[in-house]
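Colleague: sequence plus predicted model, see below.
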Amino acid sequence: YFIDQANWEEDRVVIKGDDVHHIVKVMRMKKEDSLICVHPERGPALCEIVAAEQEVLCSIIDWLDENKELPVEVTIVQSLGKGDKLEQVVQKGTELGADFFIPFDAERSVAKWDAKKANKKLTRLKKIAKEASEQSERAKVPSVLDVMTLSEIIEQNDSYDVKLIAHENEARSVRSHSLSSRLHVIKDNQRVIIIFGPEGGFTPGEADKLFASGFLPVRLGPRILRMETAPLYFLSSLSYQLEE
Ligand code: SAM
């Protein structure tokens, strides 16, 4: 559980709000059960419940320093898709270690978000990211940023060391841009951004603009993956390649 700084004391922590309902009613935890609370600066601590009523009072047993984060910082740019596809990407992508999610309004995105829908969707995606972080015992909650257009993504592209475009044409063409060859050059602490197309893929114009601003095409195997599968393939491969 991610707990605000104000609720931490020397040797105890007080959990308030929605988390109390989750701990008491959903997880059915009680006195002497243990759970992990995450301090915004010190990271995760193993805690034991002392009292569980309107608030849950825990004593801190031990600070945990095992690193659960990927050795690189990963930004997933995910085209808007039908139904709950973005929710799936944020939930599973958080479990797999992504740091940032940027919803992308692609030309072929069938799903369109007006301001009201974007607001509702982003609130939900942030909640999903928090819950998925808690369930996978991560020390941070990935950020879900506002919806961006292609030019907004290109404008901020200087902040990344490695820029990739998962391009469906790579799945059909010669095997020159394999993921393993791209992952080989990634070093610890680098910032990686990768962009995924919608159900209908990228338009040639979008792909050309991305190539022109330094995004390198990458192939995620020979099969065409669904838009919600592709980022999970990428994150799993990154973990396999870079983590113990
Ligand atoms: N029609 C399916 C759907 O409705 O989800 C497939 C969509 S595929 C065109 C969506 C995106 O996934 C592509 O734009 C690309 O970013 C990524 N993708 C899927 N398979 C890929 C592959 N083998 N290599 C690289 N990227 C891939």
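Modeller: Perfect, thanks for sending it.
Colleague: quick one, helices of the chain?
Modeller: 18-21, 85-95, 115-135, 150-155, 168-172, 179-184, 204-212, 230-242 (DSSP state H).
Colleague: buried residues in the last one?
Modeller: Going by neighbour count (16 or more other CB atoms under 10 Å), the buried part of helix 230-242 is 230, 231, 232, 233, 234, 235, 237, 238. The C-beta positions use only the backbone N, C-alpha and C, and glycine is treated the same way.
Colleague: quick one: which of the helices of the chain is nearest residue 41?
Modeller: helix 115-135 (16.1 Å; CB to CB).
Colleague: how far off centre is the closest one?
Modeller: 11 Å (CA atoms, centre = their mean, to the nearest Å).
Colleague: avg pLDDT for it?
Modeller: The average pLDDT for helix 115-135 rounds to 94.
Colleague: residues of this structure that sit close to the ligand?
Modeller: Within reach of the ligand by CB under 6 Å from any ligand atom, the chain has these residues: 166-168, 170-171, 196-197, 199, 201-202, 219-221, 223-227, 230.
Colleague: and with 5 Å instead?
Modeller: 166, 168, 170-171, 196-197, 199, 201, 219-220, 224-227, 230 (CB under 5 Å from any ligand atom).
Colleague: among the residues you listed, which one has the lowest pLDDT?
Modeller: residue 171 (76).
Colleague: just checking, that one touches residue 219?
Modeller: Yes - between residue 171 and residue 219 a contact is recorded at 6.0 Å, counting by CB atoms under 8 Å.
Colleague: any low-confidence regions in the chain?
Modeller: Judged by pLDDT under 70, the chain has its weakly predicted residues at 174-175.
Colleague: where does it get nearest to the ligand, which residue?
Modeller: residue 197 (2.2 Å; CB to the nearest ligand atom).
Colleague: got a list of what the nearest residue to that residue once chain neighbours are set aside touches?
Modeller: Nearest residue to residue 197, sequence neighbours excluded (CB to CB, 6 or more residues apart in numbering): residue 79, at 5.5 Å. By CB atoms under 8 Å, 6 or more residues apart in numbering, the contact set of residue 79 is 103, 104, 105, 106, 108, 109, 195, 196, 197, 198, 227.
Colleague: run a quick neighbour tally on residue 215.
Modeller: The number of residues packed near residue 215 is 24, by other CB atoms under 10 Å.
Colleague: ok, so of the buried residues of helix 230-242, who is nearest residue 139?
Modeller: residue 235 (17.1 Å).
Colleague: for the closest one, what are its contacts?
Modeller: Here residue 235 is in contact with 74, 76, 93, 96, 97, 98 (CB under 8 Å, 6+ apart).
Colleague: that older thread, could you give the bridge partners of the residue nearest to residue 197?
Modeller: Residue 79 has the following beta-bridge partners by DSSP bridges: residue 104.
Colleague: please report the distance of residue 147 from residue 78.
Modeller: The gap separating residue 147 from residue 78 is 10 Å, by CB to CB, to the nearest Å.
Colleague: what does residue 196 give?
Modeller: When residue 196 is compared with residue 78 (using CB to CB), they lie 5 Å apart.
Colleague: could you tell me which residues touch both of the two?
Modeller: Common neighbours of residue 196 and residue 78 (CB under 8 Å, 6+ apart) are 227, 231.
Colleague: quick revisit: anything in contact with each of residue 147 and residue 78?
Modeller: 102, 103, 104.
Colleague: okay, residue 147 and residue 78: which has more neighbours?
Modeller: A side-by-side neighbour count of residue 147 and residue 78, using other CB under 10 Å, places residue 78 first with 27 against 17.
Colleague: who does the longest strand along the chain touch, helix- and strand-wise?
Modeller: Ranked by residue count under DSSP state E, the longest strand found in the chain is strand 43-52. Packing contacts for strand 43-52, counted by 3 or more CB pairs under 8 Å, 6 or more residues apart in numbering; DSSP states H and E, involve strand 12-15, strand 34-39, strand 56-63.
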